[in-house]
Structures are given as C-alpha cells and as structure tokens.
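Peer 1: Let me see the structure of the following:
(2 chains)
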Amino acid sequence: MRGTSTRNNPYGDGKVIDACSIFGVMDVTGRPFSGDRAIAAIACMHERGNGLGGGFAVYGCYPDFPDWYALHVMYMEYDVREHVEGYIGGHFQLHLAEPIPTRHVRTISDPPQLWRYFVSTTDHPLAGEEPDDYVVQQVMRINTRFRNAFVFSSGKNMGVFKGVGYPEELAEFYCLDEYRGYIWTAHGRFPTNTPGWWGGAHPFSILDWTVVHNGEISSYGTNRRYLESFGYHCTMETDTEVVAYAVDLLVRRHRLPIEAAASVLSAPLWSHIDRDSSPRSTLLRALRQVYPSLLLNGPFTVIIAHAGEMIGLTDRIRLRPLTAARRGPLVYLSSEESAIRLVDPDLDEVWTPLGGEPIMTRVLAPGEGLPGPQAAVRPLGGGTR
Amino acid sequence: MKSYLASRFVVLRDQERCIQCRVCVRQCGYDVHACDQEAGDVYSSDDRCVGCHRCVVFCPTQALSVRENPLSYRANANWRPEAIEDVLRQAETGGVLLTGMGNDKPYRIYWDHLVLNASQVTNPSIDPLREPMELTTFLGAKPEAVTLDPETGALGTQMPPQVPVDVPILFSAMSFGSISLPAQESLARAAAEAGTLFNTGEGGLHRSLYPFAGNAIVQVASGRFGVDPEYLQAGRMVEIKIGQGAKPGIGGHLPGEKVSAEVAATRMIPIGTDALSPAPHHDIYSIEDLRQLIYALKEATQYSKPVGVKIAAVHNVAAIASGIVRAGADYIAIDGLRGSTGAAPKVMRDHVGIPIELALAAVDTRLRQEGIRHCVSLIAAGGIRNSADVLKAIALGADAVYIATAALVALGCRVCQMCYAGKCSWGIATQNPYLTRRINPAIGARRLANLLRGWSHEIQEMLGGMGINALESLRGNRLHLRAVGLSDSEMRVLGVRPAGE
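Peer 2: Numbering: from 1, shown residues only, chains lettered A, B, ... in the order given. Just a heads-up that it's a prediction; the model follows:
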C-alpha cells in the first residue's frame, strides 16, 4: 500500500509543509446543491496543487441519518479493520457499516480501504453527558492506538472525502457527483516535504469541524503542545490538524463565539488593541493573554466549516490569498477569483478581505433576509491591514 | 602566615608610555598600583590584581596590560592548578572558600548545542523593519479559558493580574548591598526605559528608587530585609526567593562592613550588622507553608499583582515547580547551575544544581503534562549571554528570562569573581562611596537600555527569519530547535530532535 502509511513522512518532522488551492461555496438558505461548482472551481486551480493530495467536505450529505455520527475510516492494512470495527462496535451503537462508494480512476493507485460507520452514543454506558467529548476521545483513541487506521471524518450529516491525487480525480473516485450539500469546501495540495499520504490530505476534521488550509503554520509546535495538554493528539502529521482542534476547543469546549475564536487564531496586533477604546478591547486583550498559544503564525488561509457555518480567515499580515464573493444566497471563498468567476460569472460582489479579518457566513434563520453587501463580514478584532 | 600562592595575573606597564599620571592608582579598588612618593614612579603589586581591566581601560596612554601569570605546573589532569591553589588557600585560612559570579566550570552549555530554524521558500521570512513583530509578553497566571457574559457578550472572566513587558528580558535579583545603589539605579532606569522589570533582590527598595517601583519586582527572601507594606504595595510583582542557582540550599550573608547607613535603612537593620538570610525561610518547611506565604502576600497586596517564587534548578525541579503552581504562585523563576551571586561558597557554586536548559525543559514539559502550564509564567535564569540564548530559552518553554551577569557586564564587569570582596573597581559590587560614585546611573541606564534594544532587534530578526511575527508563537515551540552533538537522553529531556532530522 504505497503512499498510505504514516511512515511516508520520512523526516518525522511532525508537520507537512505545503502550498495549496482552497475553495468553499455555501448556500445561506441551507438548500443542498450538487458539487459541480466546487469540483470545477478547484480543478480550475489545478496548477496550485501537485497531485499529492485533494479532498472535499460536504455538509448535508447524509440527510437520511442526520442524528448519527458518520465515521469515515481509512485502513492502510487489511487486517486492522476487524480490530477497529470491534472497537467501534464496543464503544458506540453501530447502525450501519458500509464501504464508502468509490469508482476506479486510472490515476488513483493503491487507495486504502475506505469504510463508513453510522453510529450514535445514545444510552451507551461509557458515553457520559457530553456525547461530542466522547466522540472526540474515541476518535483520538482509534487514531493513536491502531496503527494504519485513521478516522478522517466524524461529524453528523457531513462527510470528508480525501486522498492522494488531484481533487477533481478524487471527486470522480469518491462518486461525489452523487452527493448534494449546502456547503462544499475543497482542497488541492502541493506538499513539499513528503510524498503525500491519504491521511495527510485535506480537509482535516474533528466532529463536524473541517478545515482546508493553504500555507504553513510556523507556530505549529506551540499550537500542538498547547492542544496536547487538552487531550488532542496531532496524529495526522500535518499542521492543518491543529486548526481543526483549536476551533473545536475554543468554540465547542470553551463556548466562545466563532468571532472570538477567529480573533484568537488571527489575533489583532497589540498596538491595535491598545488603540481601541471600545469595550471589546478588554475582551480582545483577554483572549490574546489567555490563548497566546493558539495564535496561528506563518502564512495561511483557511476555510473552516461546520454545521450551518463557513468561515474564511487569513493570517494577520495576509501572506496567502483569499477572495470572497456573493451572488444571491451563494457565498464563495477561494484562493483565486478566477475559480469563482469560472463557475459563477455573474456575481453580485467580489472582494478581498483584510489580513486577519474573518469572513463568516451562516445559514439564515427562518424568515431572515439575504445578507447585504459584504454583510458576511462580522469581525471582532478587525483586520490588520 | 606566609602565603604560598603565586599571583594570578601579571601587570605589564610600558614605561615608555607611562606618564606617572596615577590614574591607575586611583582607579584600582584592589590597591594594585601605587606611587613611590619620593621617586614619583608608579609601580604595581601583581599579587593583588584580579584581572578586572579597570586600569587598562582608563590608562590615558594605554601603557597597561594584564596577562594571566604564565606560571607552569607539572602537567596533571587530576591536580590541575585550581585544585592545588584551592588547597593552599584553605590551608592558609581554614575557611570556606568564597567566590562571586556564576559557575565557571566546563559543564556542557546546552545553548551552544541548540540551533534555531529559518524559513526557506515554503513560507516567507518576515522583515521586522517592514512588518509588525511583536515581543510583548504578559506575565502572570492565566485562566484556562475565557468566558463571555451570556447576555452582553462582554468578557466574563475575571483576569488575574497581568504584567506586560515590552521585551521578554528582565533584570534578575541583585540587592542593594550586593551591588551599589548607582548600579541598581541604572538597572531601574533601564527597566523603565525599555519597558521591562528589575528585581530588588533581598535588600529592599531604596527610597530614591521608589519612582521606579512600577518596574520593580520586590523580593521577599528568608531574611525579610526591607519588607513592609509600602514596599509590597509599590512593586509591580512580588517574588518569594526560595533559592538561587549559584548556591542552592543555602542562604546569604551580607557582611557588616557593607551595611552602610543607606544599606541599613533600606534593609531595615542596624548599621554595620551582618545581614544573614537563613537557608530556609523559617516559616516555610513544606509546600503548604509556601502556599500560606503566597496568599499572605496576595492578601497584603489585595490580589493586585502577581506573586511568584524563585527557585534554584535542582534534580527534581519539575516536581517542585508543579507543587509551587499548586501552591498558587503566578510565576516561577528557575535559576540554573550557572546563575551568579555576589558571594557564595565556591564548592556550592561549582557543584550544586543542574543547568537551566534541562531544568526549564523539564518544568515546561511537566506542567503541560499536568495541564497546569497556563497557571504560571516561567522565567528562566542563570547563564543567558546573548539574544540567541534568550530565544532558545523561549523555544524551550520560558515566558521570559532573567539576566544579571550580562547586565553587569554592560556596566563594565569583567566577571573577575571577586564581588564578595567589596572592592569592585567598576563601582558595581561595592559600597565604598569612592568606588560607587564612578557609576553615573544615567549613563549606566543608557548602556543597559542599549543592550536590551540590541537584543530585541536581534530577536526580531531571528523571529522574522522563522516566519513568526509574535514571540508567543515561538514559546515552547521546540520544533524550531535542533540539537547538535547531544546524546539521545539529553535530547529527550530537552524535547528536541537532532539536526538533520
């Protein structure tokens, strides 16, 4: 199984350096749509990847099982599956187990075994009060205990589909033309220090949080060690993982609004906080004092998604590109404007967010009108440029 | 008794250049130089020379040089000159050998085996002259999480007191008594100018330095010298001194001859009495007693400032630090094997304690394993010589560092290790007004602030090279360090990989 083992990171570097294309599209009315746009747009940015990793996150793709966690697992060795399935059966209520449907694509060689399990924790004696915490814990256990088995998606009514190849090839491989979702995020990868392996492709995910990422996180060592003290294990050997875990910690466990989380990850400069005389500067100061180890440093753009929400964010000095656009209920985020223009030539507006300024979109509440121009922008900290 | 010791240095005077101006006579605190009243010639007594270069630097005609005495012993790997001379000295005095400054033995200096990272191609390095580059550091305990008021969305967490420093470099504890008042004032002024802190040591805060108290860490040591409510209220942080890297496990002794009227008033003791700091605090015989003192000081200061604990790096430092966190300290200063002193038994200085690099790495790792790293700031001390050492300490896990020797060197110190003699020709480690007058605090502060400014620029350059624009993203980021020439077990303790891996 060439290209699928964790040992494919021969430098043991703990993180993968890569450059990438990223794309996200969301319908703020929550109406599911096909992946045609996302696939065409990420294919348009083919040159930004090198065929060593691609993937998609699709929200709303399992409408028949909205209340079950969908565990997507890749097996790099044949014999590990029965052990993991025994573990899953022993720690969850298992409702459905099946191979993830794939089709043969000439350029995709030696894929791992890909299975999905629809599970719940209801009434499970070990699950305790917080099923999400329990699921995170079990995902971490499987990913650290079982060699050559990885849970790469674990949310409800969403799924991650990723692997080694160009993203458009992986879309074909995973039969994504058969899925519909109200958020699609996509990633094409250009790793530079590893041959690429299936687990290392994007999106990265924990529960229904997913991250696609372009860049290198120079603060990885700091971020990783901080998250480890909260029980997150960075098993995927890539720096993007820390973004997913950081957001999970801040938003789900520490119950901070996503705006506050964004201003932790891409913190405003101290000089901006000091100049800000409004009451929010007190909050910004405290956030930066308490979470200095979650500041993401180095060049990056990320698109973070979870149920009902999609967020675009760049580093504070905007060393990697991000373009936002809107037409009617559709909001786009992309590394390049050309990719958006390709799939939707007739846009209402296109703009370039400031460094560190989060672009946040969420599914509208019933009866809520469409957002106005750039209304998706709700920064807490403001951009730095 | 006739001393069998040969002189350590040879003073070389170029008679063609010497103009008998007697500057050297006046500058030397050790009476090396003297003037023959009748002949008018200036001559030198080599055996008194400590090698501090004061006369060399101030000689207007550059007539002087000082050389190590090239005296040879029969080569012996075991009985090296220092071992022989220590025995001779003790045979003559029957006493404990005293020394000053830090450990000078060739223990491995781990800073010199750690190298830093830089960006190439895949991420851009950042030019600190063009881009923001943040060094601001907040000292003090942090809550585990921020909570918001559910109704207003405003900050709900009550933040513990936070002390910002513009550079992560603080001046370590040096008391008035161990150093001169102008030397301490230089530190205080420089701290104020550079936006950092100085530390009073265990000697109290002289009345004239109260204007700089906002930049002072006020120390509470086992002798409790100079501690009163006003002192505690005045300081920016309060530090309980448990131990010192140069002499772990023992106390301090300021001899009565150094207790001048000013020192006496500041320490709140009678003039001319020995100031004895007991080895332990006599109200701390266990960790729960430390907790009581920490909270007594917090009560005394209305929980308005961080209360920290300074310890020497000893074998089980990680477990001790964990206990100190649980006792309620807001920061821990760890002073390593090479930490300095104004006076210590040579045998303690040279043989007790562990290097700061290993201690710091072990403490940071342990506190993270226990999930309590956020409860304290860590200040690393003892052997920081330059900005690269600072950055390496931060990458190992320190929030900030203390410097003392480097600061005194900036004031002229040549690390001659004679601080305990009280004759310092540079006016630093002496209370003799003839000598202390030679430090002008404004100029001393300028030199110290220049040093911090230079190091800050270098830190910014190195951070920018790593593609990092805020110091906090390097804190504990051991992936940016690699080891050269260390054993597996040393790398395991340090938590770093070998270079090339």
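Peer 1: okay, which residue of the chain is out on the far edge from center?
Peer 2: The chain I'm using is chain A. A:Ser277 (34.7 Å; Cα atoms, centre = their mean).
Peer 1: let's do chain B instead
Peer 2: Farthest-from-centroid check, chain B (Cα atoms, centre = their mean): B:Glu151, 48.1 Å.
Peer 1: Please report how far it lies from chain A.
Peer 2: Here B:Glu151 is placed at a distance of 13 Å from chain A (Cβ to the nearest Cβ, to the nearest Å). Where C-beta positions appear, they are placed from N, C-alpha and C, glycine not excepted.
Peer 1: just B:Arg475 next, same as before
Peer 2: 6 Å.
Peer 1: go on, B:Asn103?
Peer 2: Applying Cβ to the nearest Cβ to B:Asn103 and chain A gives a distance of 30 Å.
Peer 1: so what's that residue up against?
Peer 2: Neighbouring residues of B:Asn103 by Cβ atoms under 8 Å, 6 or more residues apart in numbering or on different chains: B:Ala246, B:Leu337, B:Arg338, B:Gly339, B:Arg349, B:Asp350.
Peer 1: Quickly list what the closest residue to A:Asn50 other than its chain neighbours is bridged to.
Peer 2: Leaving aside its sequence neighbours, A:Asn50 sits nearest to A:Phe190 (Cβ to Cβ, 6 or more residues apart in numbering or on different chains; 4.6 Å). Note on A:Phe190: beta-bridge partners A:Ala19, judged by DSSP bridges.
Peer 1: for B:Phe138, same thing?
Peer 2: Under DSSP bridges, the residues paired with B:Phe138 across the bridge are B:Pro164.
Peer 1: okay, it: pLDDT?
Peer 2: For B:Phe138, the pLDDT comes out at 98.
Peer 1: Surely it is in contact with B:Gln162?
Peer 2: Yes. When contacts are counted by Cβ atoms under 8 Å, B:Phe138 is listed as touching B:Gln162 (4.4 Å).
Peer 1: Comparing these two, which residue is more hemmed in?
Peer 2: B:Phe138 (22 against 19; other Cβ atoms under 10 Å in any protein chain shown).
Peer 1: Return the distance of that one relative to B:Gly235.
Peer 2: Using Cβ to Cβ, to the nearest Å, we find B:Phe138 at a distance of 17 Å from B:Gly235.
Peer 1: repeat for A:Gly165
Peer 2: Counting by Cβ to Cβ, the gap between A:Gly165 and B:Gly235 amounts to 62 Å.
Peer 1: more crowded one of these two?
Peer 2: Between A:Gly165 and B:Gly235, counted using other Cβ under 10 Å, the more crowded position is A:Gly165 (28 against 22).
Peer 1: How many neighbouring residues does residue 199 have?
Peer 2: The chain I'm using is chain A. Neighbours around A:Gly199, by other Cβ under 10 Å: 28.
Peer 1: Chain B is the one I meant
Peer 2: Using other Cβ under 10 Å, B:Asn199 is surrounded by 29 other residues.
Peer 1: for it, phi and psi?
Peer 2: Dihedral angles phi and psi of B:Asn199 (degrees, to the nearest 10) take the values phi -130, psi 130.
Peer 1: B:Asp228 reaches B:Ala300, doesn't it?
Peer 2: No. The criterion here is Cβ under 8 Å, and B:Asp228 misses it with B:Ala300 at 9.9 Å.
Peer 1: who has more neighbours, these two?
Peer 2: B:Ala300 (16 against 13).
Peer 1: which residues touch the more buried one?
Peer 2: B:Pro229, B:Leu232, B:Gln233.
Peer 1: show me where the stretch 201-350 of chain A has strands.
Peer 2: Taking DSSP state E, counting those that start in this stretch as the criterion, the stretch 201-350 of chain A carries its strands at A:204-206, A:209-215, A:300-306, A:309-314, A:323-327, A:330-334, A:349-351.
Peer 1: again with the stretch 251-400 of chain B
Peer 2: Remark: strands assigned in the stretch 251-400 of chain B by DSSP E, counting those that start in this stretch are B:252-254, B:275-277, B:307-312, B:331-335, B:344-345, B:377-381, B:400-403.
Peer 1: what about those, which gets the closest to chain A?
Peer 2: strand B:377-381 (10.9 Å; Cβ to the nearest Cβ).
Peer 1: Looking at the residue nearest to A:Asn50 now. What's its pLDDT?
Peer 2: At A:Phe190, pLDDT is 80.
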